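Participant: make a model of this:
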Amino acid sequence: MATNPASAVWVDTDDDLSALVTRHQNCSTYALDTEFMSGVTFAPVLALVQLAVDDVLYLIDPLACDVRLLAPLLNSPALMIAHAPRADLELLVRETSTRPSRLFDTQLAGQLLGYSSPSLATVASRLCDVELDKSARLSDWTVRPLGAEPLRYAASDVAYLHDIYRAQVRLLKSNNKLAWLEEECEALRTLDYSAPDPERAWLRLKGLTGMSAGDRQRAREIAKWRQVAAERRDRTPSRVMTDDALLALVRRPPKSVDDLRSTRSLGKLSDKEARSLLEAIAGAPATSPAVLERSAALDHDIDMVVTLLLSCVTQLGHDARIDPSLLATRADIAAFVSRNPSRIDSGWRSQVLSPVLQKIIDGAVDIRVAKGGKFLSLVDGETGELVRVGAAQ
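Facilitator: Next up is the predicted model:
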């Protein structure tokens, strides 16, 4: 049964946190969520940990106690149930230097059951007939004491996760998709959650398409400078320099400090910072070396093929009741077409999706418009049968 959010126990001392971990050291599952503040400091500030275990719900205050005391629970064989926990895992790894031994992501499970990037409220409504009140989601979680509404909201984020988990496991088993979910969760659990590499910061920029080799080099050097400066100041990179300002510097490299300061949306820089930024821009090589990474998005030659295959993946996902974005993203497909490594090459996708995409590329699948132009029909050119994404056996 779901844990009553109103029964949540507030934990704000190391002794109480240590005691609860000891009390539940033999649990088989626990549900976990976090609340944090982001958008100002370089890294998000962990402000609350919600934990539901053995029918008890805890609200743990990381501003008052040492969350590293949670490590024995995370390191235990117990399964952690969470919804879309990428940010939670990043915080746990940073704050506790460990991560859960096993993971079940209810959002990924929902996607494999046909929901499109489902929110917790959507999943709870469909599987538990519960309407979650999300009106307090933008609360300032660093305020103490927290008000009744934020506390109720935070508690409800884990109160129903065990019920959702049990319902999803039944559905995934009946559709032969549980093994797929386990593979996805393990990939998510074992991601590298260390601080972003400044050398790769430029790859997250929008507007790279069509850049010359020299522009890409400047983008890499300026993005690297911005991230290092942001970490030093303990501010988000956008508060040091917006993406628009960064791209303006890429397209029109400044020649002097005055020229640099005239750039719109550029944050306040000290004279020392301005000079070091100018040096970074001037030091960018004029041409791109062979080792410089290029995203598939930079390659226009395969755009039409990628767009076609993306439409096919959307239809295949619809037919198989799988969120198409989980099957494959545009970047996945572009990498597959370019014969670069992608998610499509391994695991369950390599078994059920890769062969279908390859047949389409080889011209062995007829693509027809069906149902009055609302859907695509993918027909095997040899057998005349509909092409579908199969279920794991």
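Participant: the residue most central in space within the chain: what's it in contact with?
Facilitator: Closest residue to the average C-alpha location of the chain: residue 86 at 5.3 Å, with Cα atoms, centre = their mean. By Cβ atoms under 8 Å, 6 or more residues apart in numbering, the contact set of residue 86 is 188, 191. In this view, the C-beta of every residue, glycine as well, is placed from N, C-alpha and C.
Participant: next up, phi/psi of residue 53, please.
Facilitator: phi -150, psi 130 (degrees, to the nearest 10).
Participant: neighbouring contacts of the longest helix seen in the chain?
Facilitator: The residue-count maximum for a helix in the chain (DSSP state H) belongs to helix 213-233. If you take Cβ under 8 Å, 6+ apart as the criterion, helix 213-233 is touched by 42, 195-196, 198-199, 201-202, 204-205, 208, 211, 236-237, 239-241, 246-247, 249-251, 253, 273, 276-277, 280-281, 283-288, 292, 294.
Participant: same thing with stretch 236-251?
Facilitator: 38-42, 201, 205-207, 211, 215, 218-219, 222-223, 226-227, 229-230, 233, 260, 263-267, 281.
Participant: may I have the distance across it, first residue to last?
Facilitator: End-to-end distance of stretch 236-251: 23 Å, with Cα to Cα, to the nearest Å as the criterion.
Participant: list the buried residues for that stretch?
Facilitator: Neighbour-count burial for stretch 236-251, with 16 or more other Cβ atoms under 10 Å as criterion, is recorded at 237, 238, 240, 241, 242, 243, 245, 246, 247, 248, 249, 250.
Participant: equivalent analysis for stretch 376-385, please.
Facilitator: If you call a residue buried by 16+ other Cβ under 10 Å, then stretch 376-385 has these buried ones: 376, 378, 379.
Participant: closest to residue 339 among the residues you listed?
Facilitator: Nearest to residue 339 among the buried residues of stretch 376-385 is residue 378, at 22.2 Å by Cβ to Cβ.
Participant: so the closest one, which state does it fall into?
Facilitator: Look at residue 378: counting by DSSP: H, G, I helix; E, B strand; the rest coil, its state is strand.
Participant: how about residues contacting the one helix or strand residue 181 maps to?
Facilitator: Taking DSSP states H and E as the criterion, residue 181 maps to helix 178-189. Residues outside helix 178-189 that contact it (Cβ under 8 Å, 6+ apart): 85-86, 89, 99-100, 102-105, 108-109, 112, 169, 172, 326, 347-348, 392.
Participant: outline the domain layout of the protein.
Facilitator: For the chain, the structural domains run 5-189, 198-282, 296-380, going by automatic domain parsing.
Participant: what's the spacing between the residue nearest to the centre of the chain and residue 271?
Facilitator: According to Cβ to Cβ, to the nearest Å, residue 86 stands 39 Å off from residue 271.
Participant: circling back: tell me the buried residues in the longest helix of the chain?
Facilitator: For helix 213-233, burial by neighbour count (16+ other Cβ under 10 Å) applies to 215-231.
Participant: immediately after that helix, which helix or strand?
Facilitator: Once the chain leaves helix 213-233, the next helix or strand it forms, by DSSP H and E, is helix 237-240.
Participant: ok, for residue 153, nearest residue in space, not its chain neighbours?
Facilitator: Nearest residue to residue 153 in three dimensions, chain neighbours excluded: residue 136, at 3.8 Å (Cβ to Cβ, 6 or more residues apart in numbering).
Participant: residue 104 now?
Facilitator: Closest residue in space to residue 104, ignoring its immediate chain neighbours: residue 81 at 4.9 Å, by Cβ to Cβ, 6+ apart.
Participant: in three-state terms, label the one you found for me.
Facilitator: With three-state DSSP as the basis, residue 81 sits in strand.
Participant: isn't it right next to residue 28, touching?
Facilitator: No - using Cβ atoms under 8 Å, residue 81 is not in contact with residue 28, being 10.8 Å away.
Participant: in the stretch 251-393 of the chain, mark out all the helices, start to finish.
Facilitator: For the stretch 251-393 of the chain, the helices defined by DSSP state H, counting those that start in this stretch occupy 257-261, 271-282, 303-320, 324-327, 330-337, 347-352, 354-361.
Participant: all strands of the chain, in order?
Facilitator: Secondary structure of the chain (DSSP state E): strands at 9-11, 29-37, 45-53, 56-60, 79-82, 102-105, 365-370, 375-380.
Participant: in CSV: those strands, plus mean pLDDT and distance to residue 145.
Facilitator: CSV is the format used below for those (pLDDT from 0 to 100; distance: least, Cβ to Cβ, whole Å):
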stretch, mean pLDDT, distance to residue 145
strand 9-11, 97, 9
strand 29-37, 97, 14
strand 45-53, 98, 12
strand 56-60, 98, 11
strand 79-82, 98, 26
strand 102-105, 98, 31
strand 365-370, 92, 58
strand 375-380, 92, 54
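Participant: most tightly packed of these?
Facilitator: Ranked by mean neighbour count, these are led by strand 79-82 with a mean of 25 (mean count of other Cβ atoms under 10 Å).
Participant: tell me the strands beside that strand, with direction?
Facilitator: Applying DSSP bridges to the sheet, strand 79-82 is found paired with strand 29-37 (parallel), strand 102-105 (parallel).
Participant: in contact with residue 41, which residues?
Facilitator: 234, 235, 236 are the contacts of residue 41 under Cβ under 8 Å, 6+ apart.
Participant: in PyMOL, select just the buried ones from the contacts of helix 178-189.
Facilitator: Selecting only the buried entries of the contacts of helix 178-189 in PyMOL, with 16+ other Cβ under 10 Å as the criterion:
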select buried, resi 85+89+99+100+102+103+104+105+108+109+112+172+326+347+348
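Participant: next one: stretch 222-241 to chain centre, how far?
Facilitator: Chain-centre distance of stretch 222-241: 21 Å, with Cα atoms, centre = their mean, to the nearest Å.
Participant: ok, stretch 366-375 next?
Facilitator: Centroid separation for stretch 366-375 versus its chain: 33 Å, with Cα atoms, centre = their mean.
Participant: what do you get for stretch 199-219?
Facilitator: Offset of stretch 199-219 from its chain centre (Cα atoms, centre = their mean): 22 Å.
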